[in-house]
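1. Dropping the sequence and predicted coords here.
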Amino acid sequence: MTDVAADPKLVVLDHPLIHDKLARLRDHTTQPDTFRRIVHEISLLAGYEALRDLPTVDTTVQTPLMEAPAKVLGDPAPAIVGLLRAGLSMIEAVLQLVPEAMVGHIGLYRDHETLLPHEYLVKLPTEIAKREVLVVDPMLATGGSVIHALDVLKRNGVTRLRLLSIFGVPEGVASVHAAHPDVPIFLAVLDDQLNDKGYILPGVGDAGDRLYGTR
């Protein structure tokens, strides 16, 4: 197994609320409505950390008593780019943290034989190259889909990227950082490994199917 413990660009969150919610996500009896709610809640908690170093600008505000120094997010607003379809489940949570953020979508599906990603949609916000961009996808498995998405964003001029996933494995982290060593990765949990079909172990199965009740 690839050792990523010393990777300075990997942050694995350690919080009791996240641990509790992960346990309920893993449970095979958790129904799609509950699964979606918990993914939303974890995305809120993890998104707060993933956006910790967003750049700000100094300003002042007038309180009821006096003028006070303040910091606000810079312009243009950040962008959230979700990998379809499972990434949709995380976008609304991050928008609660940054309501002014723009939203993009990259549609990919994974060939179950080759495990390679195939692109079918790219819709990105205007001025994407000027924005801080957070890519969201619940599962970082082989890393193929994330690498493809980061390739697309860099071809569109994006230079300030970060990735937020809930579940990841060392193989996926290593693959992404081999291709994009500049991109920080934030995970709610680093699981053990992939099985021979490219699924995360112990993981949650297929996140998209668990989210939407499909097979």
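-> Structure received. Numbering: from 1, shown residues only.
2. Using PDB, list the CA coordinates for the top helix by length along the chain.
-> Assignment by DSSP state H gives helix 32-50 as the longest helix of the chain. Below are the C-alpha coordinates for helix 32-50, written out as PDB (Å, rounded to 0.1, in the frame of the first residue of the first chain):
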ATOM      1  CA  PRO A  32     -31.000   7.400   0.800                       C
ATOM      2  CA  ASP A  33     -32.700  10.300   2.600                       C
ATOM      3  CA  THR A  34     -30.600   9.900   5.700                       C
ATOM      4  CA  PHE A  35     -27.500   9.200   3.600                       C
ATOM      5  CA  ARG A  36     -28.000  12.500   1.700                       C
ATOM      6  CA  ARG A  37     -28.500  14.400   5.000                       C
ATOM      7  CA  ILE A  38     -25.400  13.000   6.600                       C
ATOM      8  CA  VAL A  39     -23.200  13.700   3.500                       C
ATOM      9  CA  HIS A  40     -24.500  17.300   3.700                       C
ATOM     10  CA  GLU A  41     -23.600  17.500   7.300                       C
ATOM     11  CA  ILE A  42     -20.100  16.100   6.800                       C
ATOM     12  CA  SER A  43     -19.600  18.400   3.900                       C
ATOM     13  CA  LEU A  44     -20.400  21.400   6.100                       C
ATOM     14  CA  LEU A  45     -17.900  20.400   8.700                       C
ATOM     15  CA  ALA A  46     -15.200  19.400   6.300                       C
ATOM     16  CA  GLY A  47     -15.800  22.300   4.000                       C
ATOM     17  CA  TYR A  48     -15.200  24.700   6.900                       C
ATOM     18  CA  GLU A  49     -11.700  23.300   7.200                       C
ATOM     19  CA  ALA A  50     -11.000  23.000   3.400                       C
END
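3. Next SSE downstream of it?
-> strand 56-62 (DSSP states H and E).
4. where in the chain is pLDDT low?
-> Within the chain, the stretches with pLDDT under 70 are 1-3, 5, 115.
5. could you measure the residue of it most remote from its centre against residue 72, distance?
-> Residue farthest from the centre of the chain, counting by CA atoms, centre = their mean, is residue 65 at 40.7 Å. Distance, residue 65 to residue 72, using CB to CB, to the nearest Å: 20 Å. C-beta: built from backbone N, CA, C; applies to glycine.
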